[in-house]
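Q: here is my input; please provide its structure:
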Amino acid sequence: MINNFSILFICGLLFSTCTRFWLTMRHIKFIDLHKNEVPKAFSENISLESHQKAADYTIAKARLSFASIVIDLALLLLLTFGGGIKLLDAFTLEFFDSPVYRGVFFLVLLVFISSLSDLPVSLYKTFIIETQFGFNKTTFKTWTLDLIKNTIVAITLGLPLLWAIIVLMELMGDQWWLYVWLLMMSFIGLVQFIGPTYIAPLFNKFTIMEDGDLKTRVELLLQKCGFSSSGLFVMDGSKRSSHGNAYFTGFGNNKRIVFFDTLLERLGVAEIEAVLAHELGHFKLKHVLKRLGLMALTSLIFLAILGFVKNEVWFFNGLNVDFTSNNGVVIGLFFLIVPVFTFILQPFLSKMSRVHEFEADEYAAQFTPAKDLISALVKLYNDNAATLTPDPVYSSWYDSHPPAAIRISKLETLIKI
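A: Model (predicted):
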């Protein structure tokens, strides 16, 4: 039944889909236009061949994203106006009479279908594009084992969470969404705490950093920054990819600093120290807490909205779904369509993230020479085949990190201060 909400949803879907296509086409065209000349700021350190490789790599990934857009659109339309959710809801009735188990089963089916639709793009990206450009180190066996492990972890952690959420929806009256929010925040905190020790080692090998100049300088930097951790670890990132990175994870007494082995192979000691100083900047400037706070606030708002539309017939009818007492359908339908309406917020979130990156760079420059971070970034851009010439509009909409030229330019001003 077409109603006002149907029209609003269709308009939002058309806008988000057309904008995604338009931005991606702009991005490809802009990169291709600038692929035959290295930007002046990088001409001494990055060859034309490397610049063109980065352009071709980025264009290949962008073209693949067209497939993702089409798959996302098709799946959403099939599940809503195509009657897919109706069929899944009816299917669950054949197995369970309990509203709780019926709801959980529905969500498991929905997640399975969504994950299945993502597999072709994931496989193509890993074994075609990443292999073509020399980054993929993953065998099909490793990829399959990762998929199995991810599934086991999702079942172990996800099923009890889904069960608890639907129980709360059944028992806690009109304020169920507030109890669900408290449960989700507790769950996220639990995963953050146990992740570094119990989950991450299922996928990668973590070894304690060996004693030496690097470890000594890193420990001294941690002291200067007032950062305590449960240890410094090296991860076998080269098992899956030649891309390099460093990060810290966990919280409280369970914080870990992790370096990809590929990063340690490519950067000098001073450059690694500068990269770590940048990551520490995110922590010391409370960027992590700010992002967690924003996530908590937005999830509370979304759950409150879900609490409202849960009892509104127009919400279901507008998406060609029968009004139902199956709370799994309520959750699944709502979070299927939320990205359509939140797509317009993406550039604001990206802007916030880029501001945080600039702030972390400034923090790093207080404890390590800015020139070392510049040198590290140039090497990482080169080694990871990151394009130096993204389309400005595309970048402002999607990119969580500033364009290379702008970021390096700001760091160079810190050298002169």
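Q: for the rest of this, base every contact and every neighbour count on C-alpha atoms.
A: Fine.
Q: and the one helix or strand E273 maps to, what does it pack onto?
A: With elements taken from DSSP states H and E, the one containing E273 is helix 269-284. Contacts defined by 3 or more C-alpha pairs under 8 Å, 6 or more residues apart in numbering; DSSP states H and E place helix 269-284 against helix 213-225, strand 246-249, helix 346-367, helix 370-383.
Q: what's the angle between the last one and helix 269-284?
A: It refers to helix 370-383. 100 degrees (axes from the mean of the first three to the mean of the last three C-alpha atoms, to 10 degrees).
Q: quick one: helix 370-383 to chain centroid distance?
A: 23 Å (C-alpha atoms, centre = their mean, to the nearest Å).
Q: mind giving me the packing neighbours of that helix?
A: In terms of contacts (3+ C-alpha pairs under 8 Å, 6+ apart), helix 370-383 is packed against helix 48-79, helix 269-284, helix 346-367, helix 404-416.
Q: what about the next helix or strand after the first one, average pLDDT?
A: Proceeding C-terminally, helix 48-79 gives way to helix 84-93 as the next helix or strand, assigned by DSSP H and E. Taken as a whole, helix 84-93 carries a mean pLDDT of 92.
Q: chain center to stretch 263-271: distance?
A: Stretch 263-271 sits 25 Å away from the centroid of its parent chain (C-alpha atoms, centre = their mean).
Q: and the contacts of that stretch?
A: 213-214, 243-246, 272, 372-373, 375-376, 379 (C-alpha atoms under 8 Å, 6 or more residues apart in numbering).
Q: next, the distance between the ends of that stretch.
A: Stretch 263-271 has an end-to-end distance of 10 Å (C-alpha to C-alpha, to the nearest Å).
Q: which of the residues in it are buried?
A: 263-264, 267, 270-271 (16 or more other C-alpha atoms under 10 Å).
Q: ok, which pair from those residues is furthest apart?
A: Greatest spatial distance among these (C-alpha to C-alpha): L263 and A270, at 12.5 Å.
Q: so which bits of the helix or strand containing I337 are buried?
A: Assessed by DSSP H and E, I337 sits inside helix 327-342. Neighbour-count burial for helix 327-342, counted by 16+ other C-alpha under 10 Å, picks out 327-334, 337, 340.
Q: rewinding a little: got JSON lines for the helices and strands packed on helix 269-284, with mean neighbour count, mean pLDDT and distance to Y101 too?
A: Shown next, in JSON lines, are these (neighbours: other C-alpha atoms under 10 Å; pLDDT from 0 to 100; distance: least, C-alpha to C-alpha, whole Å):
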{"stretch": "helix 213-225", "mean neighbour count": "15", "mean pLDDT": "86", "distance to Y101": "49"}
{"stretch": "strand 246-249", "mean neighbour count": "16", "mean pLDDT": "72", "distance to Y101": "34"}
{"stretch": "helix 346-367", "mean neighbour count": "19", "mean pLDDT": "94", "distance to Y101": "35"}
{"stretch": "helix 370-383", "mean neighbour count": "20", "mean pLDDT": "89", "distance to Y101": "48"}
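Q: columns distance to Q175 on top of the ones you listed, output as CSV?
A: Formatted as CSV, the helices and strands packed on helix 269-284 follow (distance: least, C-alpha to C-alpha, whole Å):
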stretch, distance to Q175
helix 213-225, 43
strand 246-249, 33
helix 346-367, 29
helix 370-383, 49
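Q: which of these sits closest to A74?
A: helix 346-367 (21.7 Å).
Q: run through who's touching the closest one.
A: For helix 346-367, contacts defined as C-alpha under 8 Å, 6+ apart pick out 221, 224-225, 274-275, 277-282, 285, 287, 370, 373, 396-402, 407, 411, 414.
Q: then stretch 406-417?
A: Under C-alpha under 8 Å, 6+ apart, the answer for stretch 406-417 is 358, 361-362, 365, 369-371, 374.
Q: change it to 6 Å
A: A370 (C-alpha atoms under 6 Å, 6 or more residues apart in numbering).
Q: quick one: mean pLDDT for that stretch?
A: For stretch 406-417, the per-residue pLDDT averages 83.
Q: next, the buried residues of that stretch.
A: 407-408, 411, 414.
Q: and stretch 86-98, by the same measure?
A: 86, 88-89, 92-93.
Q: can you check stretch 288-298 too?
A: Of the residues in stretch 288-298, none is buried (16+ other C-alpha under 10 Å).
Q: show me where pLDDT drops low in the protein?
A: 1, 230, 242, 244, 250-254, 416-417 (pLDDT under 70).
Q: domains of the chain?
A: Domain assignment for the chain by automatic domain parsing gives 1-136+267-417, 139-203.
Q: any chance of those domains in a markdown table, plus distance to M209?
A: A markdown table is the format used below for these (distance: least, C-alpha to C-alpha, whole Å):
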| stretch | distance to M209 |
| --- | --- |
| domain 1-136+267-417 | 13 |
| domain 139-203 | 16 |
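Q: F259 is nearest to which of these?
A: Per C-alpha to C-alpha, nearest to F259 of those: domain 1-136+267-417, 9.0 Å.
Q: before we move on, back to that, widest-spaced pair of the buried residues of stretch 406-417?
A: Longest span within the buried residues of stretch 406-417, C-alpha to C-alpha: R407 and L414, 11.1 Å.
Q: could you point out which element follows the helix or strand encompassing L119?
A: Using DSSP H and E, L119 sits within helix 99-124. Per DSSP H and E, helix 99-124 leads on to helix 130-132 as the next helix or strand towards the C-terminus.
Q: against which helices or strands is that following helix packed?
A: Helix 130-132 sits against no helix or strand, with contacts defined as 3 or more C-alpha pairs under 6 Å, 6 or more residues apart in numbering; DSSP states H and E.
Q: outside of it, which residues touch it?
A: N136.
Q: and it, how far out from the chain's middle?
A: For helix 130-132, the distance to the chain centre is 21 Å (C-alpha atoms, centre = their mean).
Q: one more: stretch 344-355?
A: Using C-alpha atoms, centre = their mean, the offset of stretch 344-355 from its chain centre is 14 Å.
Q: ok, now stretch 135-142?
A: Centre to centre, stretch against its chain (C-alpha atoms, centre = their mean), the figure for stretch 135-142 is 21 Å.
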